[in-house]
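In: just need the structure, nothing else, for what follows:
(2 chains)
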2 protein chains.
Amino acid sequence: MSAETRTHFFETGSPDEPVRLRDGGMLPGITLAYETWGELNEDRSNAIFLFHALSGSHHAVGVNTAIDGVGELWQAEMHEGWWETMIGPGKAIDTDRFFIVCANYLGGCYGSTGPGSIHPETGKPWGASFPSISAADQVEVFTHLLDHFGIGTLHAVVGPSVGGLIALTFATRFPARVKNVIVIASGYKTTVLNRLHLFEQILAIENDPHFNGGDYYDDAPPLYGLVLARMISHKTFVHLDAIEKRARQDIVQPDDVLAWYRVRDQFQSYMLHQGKKFVKRFDANTYLRIIDMWSRYDATQEGDAETPRDLFERARLAGQKWLVFSIDSDFCFFPEEQAELVKHLEEAKVDVMHISVHSDKGHDSFLLEPDLYTPHISWVLGK
Amino acid sequence: MSAETRTHFFETGSPDEPVRLRDGGMLPGITLAYETWGELNEDRSNAIFLFHALSGSHHAVGVNTAIDGVGELWQAEMHEGWWETMIGPGKAIDTDRFFIVCANYLGGCYGSTGPGSIHPETGKPWGASFPSISAADQVEVFTHLLDHFGIGTLHAVVGPSVGGLIALTFATRFPARVKNVIVIASGYKTTVLNRLHLFEQILAIENDPHFNGGDYYDDAPPLYGLVLARMISHKTFVHLDAIEKRARQDIVQPDDVLAWYRVRDQFQSYMLHQGKKFVKRFDANTYLRIIDMWSRYDATQEGDAETPRDLFERARLAGQKWLVFSIDSDFCFFPEEQAELVKHLEEAKVDVMHISVHSDKGHDSFLLEPDLYTPHISWVLGK
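Out: Sure, this is the predicted structure:
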């Protein structure tokens, strides 16, 4: 069993010096929830910043049974770290050598300031009034956390999935602060299919009878709206045949009567229950903020660059080394998306290595098959 | 411009002899809306029964500007027949030679008895109390219409998309009444992906704040629920690149503010407006009945057979000839689905021809590219 870990809280900004967001929003002081593993060395040169996926948390490694202020959303399934397979002594990201930081996104629901946090002036949750956050906003506040540690330059930024978008924007907005960039099953700019899938999920939540624009904390949360959103995205994470196989071992739940429709199909019942499990551990407003961020993601814009060439020119000048992973069965971030990123990197003459792993596990392979990623990650981090 | 056509109404069943449905439901007398083209010959041997797609109607050919009792749902975009390209003098389905019938599905919203029809006892719309309909139920009531015409054996049944499922079940439940079977871009049994996509759409409608189990006719209909359902299915009908190209000519609608999310993306705005257009012409309860029918579709079960072999043994014994079309870019009914159907037909030694057309138009190719289908259809019908 892994060691127990504890979530820390970092505060930045104040009513006098608010965190200003690119979209015009303003937050009068925020909290970032984070965890760290390993030891920061004397010259502070061994730090790695890890960015989590859409519905993930900052708790990547170890056992953490409670986070202050998070309450019921910190369900048992979250207690074990999500990247246990990749981070630890002697693992791909070696805690004997590196100091690793992972923070919950701004807008999150696992301890960082988010729509469910109390607004200091009203004494009530932000809800609908919590602003829209961009990837550039995320990396901006994360640099405050680095400054707090006195870390000038990171040995690496690492991000799978949506975390890869944040890693990319971190590396291109603060090129001098990053030596190595490792992005896994991620993208460069949302595709039409991404934007459609994300928009379906946005509509599913917004149209829920309990959503109320996001002001639902006094009442029932938008249960089926978030269930449906999760269902829509779930199918892109996992190979459908694998889901069906699991569903076959399941039984149809007798309470699966919706308003009119009676669920008689085992697979539909299974998907519904996976969605209901998810709703217990995630906040709909946070979900909406993160998929809004993802839906609008375009690395060039997030980096305030004119063209992809301009953007990655910064990476070349900083001497960054990039490692880009594709998963051949990925239906969430398709291999074409990483190919586009790599093309831009190569055109800007950035030192980049592009590795495709072959898997039947789809997008979630990065969580499940450490051996496919470990050798290259170790090698890049070890140089 | 095509000739004007008129919708006819056929009544069957009565409170004393109700239409009994396989799922236990009962309808005390129903109406079927239908149209016909061409002339029935003297020995009534030249009839073709055509079955429409999920959101289609019985109005396949000509111009029909109004249907009694349908009201606002009969929008201008419906006035022209949906298969004008394929049916007419000298066309694939030749109105100079054949008598063609197409009826709106039971549960429909274009003149056949459906959830929006008035319940004879309560004097109010059926709404939530309108029962679940199966493919076997549809073909059962369609035989009443054939009896009304005195048609014993059909020259052919023809069905694209969901219509192909009904054609299949018609041909296998009433093998002696069908000589030729033409199914286009259809299936044999819903796949996991079908069932998931359909379930997403069911949840989208059922969770709408205005759905009220289906009793919404006195009030606002479930607008965004049906918009979302349509959006989820729309992406499977058309090549996404083609949608994006059209969306680029569109402008972002200024009223696209949802509860919290502001639509800034042209493609999302376009999809939203396509969905809103659809909602004007379709009833959510009908949509739910048809996708419920589709979601549960398994040809063997609908035919009360033990195995696919038993089912298609009937087709062989009746001497039926089958023509099965696949579209290589179809993301709604994948080519694998027609391959499964053909495999079962071949195992039962049915006379079957399987043609794949190559198109970049996706599932909707059957509406748009008549030349890809006409030669084989004419040839099969003409033998």
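In: in chain A, which residue is closest to the centre?
Out: Nearest to the geometric centre of chain A sits residue A:53, at 2.4 Å (C-alpha atoms, centre = their mean).
In: checking it next. Helix, strand or coil?
Out: coil (DSSP: H, G, I helix; E, B strand; the rest coil).
In: residue B:102 versus the nearest residue to residue A:208 once chain neighbours are set aside, what's the distance?
Out: The shortest distance from residue A:208 to any non-neighbouring residue, by C-beta to C-beta, 6 or more residues apart in numbering or on different chains, is to residue A:225 (2.9 Å). For the C-beta atoms, the positions are set from N, CA and C on the backbone; glycine is no exception. Residue A:225 sits 38 Å away from residue B:102, going by C-beta to C-beta, to the nearest Å.
In: returning to that earlier point: list the contacts of the residue nearest to the centre of chain A.
Out: The contact partners of residue A:53, taken as C-beta atoms under 8 Å, 6 or more residues apart in numbering or on different chains, are A:82, A:160-163.
In: who wins for neighbours among the residues you listed?
Out: Compared across the contacts of residue A:53, residue A:160 has the highest neighbour count, 29 neighbours, by other C-beta atoms under 10 Å in any protein chain shown.
In: in the sheet, which residues pair with that residue? Tell me.
Out: residue A:184 (DSSP bridges).
In: what's around the one residue in the stretch 151-300 of chain A that gets nearest to chain B, how many residues?
Out: Nearest residue of the stretch 151-300 of chain A to chain B (C-beta to the nearest C-beta) works out as residue A:209 at 3.7 Å. The number of residues packed around residue A:209, counting by other C-beta under 10 Å, is 16.
In: how far away is the one residue in the stretch 1-150 of chain A that gets nearest to chain B from residue B:259?
Out: Proximity of the stretch 1-150 of chain A to chain B (C-beta to the nearest C-beta) peaks at residue A:128, 5.7 Å away. Counting by C-beta to C-beta, the gap from residue A:128 to residue B:259 is 8 Å.
In: neighbour count: the two, which is higher?
Out: A count of neighbours by other C-beta under 10 Å puts residue B:259 above the other of residue A:128 and residue B:259, at 19 against 15.
In: contact partners for that one?
Out: Residues in contact with residue B:259 (C-beta under 8 Å, 6+ apart) are A:128, A:206-207, A:211-214.
In: list only buried entries from those residues.
Out: With neighbours counted using 16 or more other C-beta atoms under 10 Å in any protein chain shown, the contacts of residue B:259 contain these buried positions: A:206-207, A:211-212, A:214.
In: ranges for the helices of chain A?
Out: Counting by DSSP state H, chain A has helices at residues A:135-149, A:162-173, A:192-206, A:223-237, A:240-248, A:266-281, A:284-295, A:299-302, A:308-317, A:335-347, A:365-368, A:374-382.
In: among the ones you listed, show me which one is buried the most.
Out: Of these, the one with the most neighbours on average (mean count of other C-beta atoms under 10 Å in any protein chain shown) is helix A:162-173, at a mean of 27.
In: can you get me the start-to-end distance on stretch A:65-84?
Out: End-to-end distance for stretch A:65-84, by C-alpha to C-alpha, to the nearest Å: 15 Å.
In: could you give me the average pLDDT of it?
Out: Predicted confidence along stretch A:65-84 averages 96 (mean pLDDT).
In: can you list contacts of it?
Out: Against stretch A:65-84 from outside (C-beta under 8 Å, 6+ apart): A:2, A:4-5, A:7, A:9, A:33, A:50, A:52-53, A:56-57, A:59-64, A:87, A:109-111, A:277, A:280-283, A:367.
In: out of the residues you listed, which are buried?
Out: Among the contacts of stretch A:65-84, those classed as buried by 16+ other C-beta under 10 Å are A:5, A:7, A:33, A:50, A:52-53, A:56-57, A:59-62, A:64, A:87, A:109-111, A:281-283, A:367.
In: helix or strand with the lowest mean pLDDT in chain A?
Out: The weakest-scoring helix or strand in chain A, judged by mean pLDDT, DSSP states H and E, is helix A:240-248 (a mean of 83).
In: ok, that one near chain B or not?
Out: Yes - counting by C-beta under 8 Å from any C-beta of the partner chain, chain B has neighbours in helix A:240-248: A:240-241, A:243-244.
In: what's the most distant pair in those residues?
Out: Taking every pair in these and measuring C-beta to C-beta, the maximum separation is 7.4 Å, between A:241 and A:243.
In: pull the most distant pair out of the buried ones among the contacts of residue B:259.
Out: Spatial extent of those (C-beta to C-beta) is set by the pair A:207 and A:214 at 12.9 Å.
In: contacting residues for the residue located most distally from the centre of chain A?
Out: Distance from the centre of chain A peaks at residue A:260, with 35.7 Å (C-alpha atoms, centre = their mean). Neighbouring residues of residue A:260 by C-beta under 8 Å, 6+ apart: B:128, B:206, B:213-214, B:288.
In: on that earlier part again, tell me the one of the contacts of residue B:259 nearest residue A:358?
Out: Nearest to residue A:358 among the contacts of residue B:259: residue A:206, at 38.3 Å, using C-beta to C-beta.
In: contacting residues for the residue nearest to residue A:129 when sequence neighbours are not counted?
Out: Spatial nearest neighbour of residue A:129, chain neighbours left out: residue A:119 (7.1 Å); criterion: C-beta to C-beta, 6+ apart. Neighbouring residues of residue A:119 by C-beta under 8 Å, 6+ apart: A:125-126, A:129.
In: how about low-confidence regions in the stretch 201-350 of chain A?
Out: Segments of the stretch 201-350 of chain A classed as low confidence (criterion: pLDDT under 70) are A:254-255, A:257.
In: what does it put close to chain B?
Out: Listed as neighbours of chain B in the stretch 201-350 of chain A under the rule C-beta under 8 Å from any C-beta: A:202-204, A:206-209, A:211-214, A:224-225, A:227-228, A:231-232, A:235, A:240-241, A:243-244, A:258-261, A:263-265, A:267-268, A:271-272, A:288, A:292, A:295-296.
In: quick one on the thing from earlier: from residue B:316, how far out is the residue of the stretch 1-150 of chain A closest to chain B?
Out: The gap separating residue A:128 from residue B:316 is 63 Å, by C-beta to C-beta.
In: who touches both of residue A:241 and residue A:243?
Out: Contact criterion C-beta under 8 Å, 6+ apart; residues shared by residue A:241 and residue A:243: residue B:192.
In: residue A:50 contacts residue A:163, doesn't it?
Out: Yes - counting by C-beta atoms under 8 Å, residue A:163 is a contact partner of residue A:50 at 7.2 Å.
In: how much space separates residue A:319 from chain B?
Out: In this view, residue A:319 and chain B are 35 Å apart by C-beta to the nearest C-beta, to the nearest Å.
In: what about that residue, how many neighbours?
Out: By other C-beta under 10 Å, neighbour count at residue A:319 equals 11.
In: residue A:31 too?
Out: Close neighbours of residue A:31, defined as other C-beta under 10 Å, add up to 18.
In: can you pull the contacts of it?
Out: Contacts of residue A:31 by C-beta under 8 Å, 6+ apart are A:9-11, A:111-113, A:117.
In: up against chain B, what does the stretch 1-150 of chain A have?
Out: Residues of the stretch 1-150 of chain A found near chain B (C-beta under 8 Å from any C-beta) are residue A:128.
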